[in-house]
Structure formats: structure tokens, C-alpha cells
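# 3D, please:
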Amino acid sequence: MEYWQVFAIAIGLGTDAFSVGMSVGTRNPGFGQYFRASFHFGLFQFFMPLLGWLASHRIVGLFSKYNAYIASGILVVIALRMLIGFFGNPEESDPGKDITKGWTLIGLSIATSLDAFGVGLGIGLLGDSLILPCIIIGVVAAVMTLIGIRLGNHLSNVLERKAELLGSIILFAIAIKIILSG
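Numbering: from 1, shown residues only. This next block holds a predicted model:
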């Protein structure tokens, strides 16, 4: 696989991380949120192709038909939690909750990287080298996440509280896109 192809794939895979990064950015993130989101999204984008490659040698296609549903489900749950924080009363939800911590971050990281698992399956079936593509995919996802967070933060300053609503709409849109294309 040529480098330009790997970069094109990395950018395609990074679009979900970028979009979710925008959602993170709507919550007025600090350095910790920038670091955690970009690090984890990049790390998961790095490891998922490796797992896909391993799976291509063991259990080809067993999980691939469910990837879209798993990723969409995770995103919908997180988007619903954000909507509850926006529309619900403060006793039901914590709208200021840091979504770059704990299981929410793990869920977002998995949801944004399941496509990379499929890429790893494909690379494994082609028999191509994997380490350099995984590094490129991980770095591009981390950078796209940082850009998305920055843009989301800028939008939140312009839109104020409505930015959290926008963030949840973005997550719903990604979930729908994944289902329709999966």
C-alpha cells in the first residue's frame, strides 16, 4: 500500500474522531480534555487495525457485520446523555460532566475506531505491512481530534449553551451515518 493511500485512509478514519472532537469542544475543554481525547482516539485508531489484522488471521468477518450497530449504539447513548444534560433538570444529569474521562471516553474511543478494525482486516487479507499504517492512522486521528475540539470550542464560544445541543446532534448524525453506510 502506498503512503498516499494510507494517508487517505487515515483521513477517512479520522473524520469520526474529528466530529466527536467537535462535540468534546462544545463543553469548554481545558488542556486535560484536549490531551485525553486526542491521545485516546489516536491510540485506539492505532490499535484497532492491529486487532483487525489479528482477526483476519483468526476469525475473519465474525464481528464486522455488527461494527456499525455497536459504534452507533455507543454514540447514541452518549448523545442522549448530553441531551438529558441540556434539556433535563440538574438533578437528573450533570451537564458539566467531563466526557473525556472514564467509560464515556472508552466508549467514544471504541465508537470512533471500529472502522479502523475493518481496515486492519483488509490489510491483513492483503498481506501488507501494518505498523507504519497504524502509526499514520493513529497520529492523523489524534491531530484531527485536536482540530475538532478547537473548532467545537470556538463554536461553543459563539453559540454559548446551545453548543452542547449541537454536540449531541453531531453524535446522532455520526451514528446515523454509520448505520446507513454500514
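# show me what the helix or strand where N153 lies is packed against.
Assigned by DSSP states H and E, N153 belongs to helix 131-159. On a contact count with 3 or more CB pairs under 8 Å, 6 or more residues apart in numbering; DSSP states H and E, helix 131-159 meets helix 3-25, helix 31-58, helix 102-126, helix 162-181. All C-beta atoms are positioned from the backbone trio N, CA, C, and that covers glycine.
# relative to helix 3-25, how tilted is it?
30 degrees (axes from the mean of the first three to the mean of the last three CA atoms, to 10 degrees).
# so for helix 131-159, mean pLDDT?
Here helix 131-159 scores 90 as its mean pLDDT.
# please renumber so the chain begins at 47
All right, first residue 47 from here; so that's helix 177-205.
# which one of the helices and strands packed on helix 177-205 lies nearest to V186?
Counting by CB to CB, V186 lies closest to helix 49-71 out of the helices and strands packed on helix 177-205; the figure is 3.7 Å.
# run the angle between that closest one and helix 148-172 for me.
Going by the same axes, to 10 degrees, helix 49-71 makes 170 degrees with helix 148-172.
# tell me how many other residues crowd N203.
A total of 12 residues lie near N203 under the criterion other CB atoms under 10 Å.
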